[in-house]
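Engineer: Could you look at this predicted model? Sequence included:
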Amino acid sequence: MSTESAMLAQQFDDAAQQREASALGMWTFLATEALFFGVLFAGYTVCRVRFPAAFAAGSRHTDMLLGTIETAVLLTSSCAVALALRDVQLGGRRVAAWLLVLTAALGLSFLVMHGFEYYSEYREGLIPGIRYTQQGPLAGPMQLFFCLYYFITGFHSLHVGIGVILLLVMARRTWRARFSAQYYTPLELSALYWHLVDIVWIFVYPLIYLVGRAG
Amino acid sequence: MNAPTTSASPPSLRLHLIVLAALLALLLTSAGCALLPLGVFNTLSALGISVIKTLLVMAFFMRLRRGPPLLRIAAAVGFAWLAVLIGMTVADVLTRVVLPSPW
């Protein structure tokens, strides 16, 4: 219990209260994150209602197979970080640290796959303002789709990058036995952040990759 | 000072893997549905499956199912604000009629 009392800030009655306050703060932050991405999704909705055909055409230019694999990778990584937290809660250390490294590796592989996607879009001339070689009546409004695509996926990748660094820091701390079955709040909050990154992608996937695929 | 930081024992390994399997199955379902010509239901099924996946992640991986009520309210409020943001935006866009210029 010594680590627990050493970690207890003086404004809290006990560790449970401190932990709940930290989690509440994290959930409040996650709400602001949801609204941050929500603005981009709202902009997407407005533009898609106005130009449905251009959004379907734009979506058909994205790589559906790679998008599906990226989604599976993020879902799996979410499960891995949840299992890492579980292991620490049960008093584990090594397995948890390796699960965190696995989560970070999956996040990194997501970023690499996205890098390949961006590169092939550059080669196809699908980046408005930098290299955009599309022709035809839908080429104009399709730029809106691609602008939103780069903003949404770009900010999401930024979050994945921050998450990877955070997870590696947590893996190091877990390995060094900074957490125990009594105290694991930073790890829990990092896991919550990673799950939010996953949830954002759960909505990015159908809105970017799955439009206009039928027929 | 004896209060443990855990309010309940963590969910089992089996439950985690079942939820992951369900998430991956839903992912394949949404990819499959996208390839079928369902009209407006393409969008609706894709978003509906995303909502189910989000609820699974929040309930089991983020542990809101057995979480303190305060956290569940905080999480719900975030999404409530999001619904207001997108709902009101869409309500405006979908109900506005483009008026032709009179001259």
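Structural biologist: Everything's here; your move. Fair warning: this is a prediction, and the values are worked out from it, not measured in the lab. Numbering: from 1, shown residues only, chains lettered A, B, ... in the order given.
Engineer: what residue ranges in chain B are flagged as low confidence?
Structural biologist: Counting by pLDDT under 70, chain B shows low-confidence ranges at B:1-8.
Engineer: quick one, domains of it?
Structural biologist: B:12-65, B:68-96 (automatic domain parsing).
Engineer: mind listing what B:M62 touches?
Structural biologist: Contact analysis of B:M62 by Cβ atoms under 8 Å, 6 or more residues apart in numbering or on different chains lists A:A191, A:L192, A:H195, B:A75. Just so you know, the C-beta spots here come from the backbone N, C-alpha and C atoms, and that holds for glycine as well.
Engineer: Identify the residues contacting the second one.
Structural biologist: Think A:L192. A:L192 touches A:A23, A:M26, A:W27, A:L30, B:M62, counting by Cβ under 8 Å, 6+ apart.
Engineer: Where does the residue nearest to A:L189 when sequence neighbours are not counted fall, secondary structure wise?
Structural biologist: Distance criterion Cβ to Cβ, 6 or more residues apart in numbering or on different chains; nearest residue to A:L189, sequence neighbours excluded, is A:M26 at 4.5 Å. Secondary structure from DSSP states H and E places A:M26 in helix A:15-50.
Engineer: who does that helix touch, helix- and strand-wise?
Structural biologist: If you count contacts as 3 or more Cβ pairs under 8 Å, 6 or more residues apart in numbering or on different chains; DSSP states H and E, helix A:15-50 packs onto helix A:2-7, helix A:139-175, helix A:185-209, helix B:69-95.
Engineer: highest average neighbour count across those helices?
Structural biologist: Greatest average neighbour count among the helices and strands packed on helix A:15-50 goes to helix A:185-209 (a mean of 23), per mean count of other Cβ atoms under 10 Å in any protein chain shown.
Engineer: Now do the same contact list for whichever residue of chain A sits closest to chain B.
Structural biologist: At 2.9 Å from chain B, A:A31 is the closest residue in chain A, using Cβ to the nearest Cβ. The neighbours of A:A31, taking Cβ under 8 Å, 6+ apart as the test, are B:A74, B:A75, B:V77, B:G78, B:F79, B:W81.
Engineer: give me every residue that touches the first one.
Structural biologist: Contacts were defined as Cβ under 8 Å, 6+ apart; by that measure B:A74 touches A:L24, A:W27, A:T28, A:A31.
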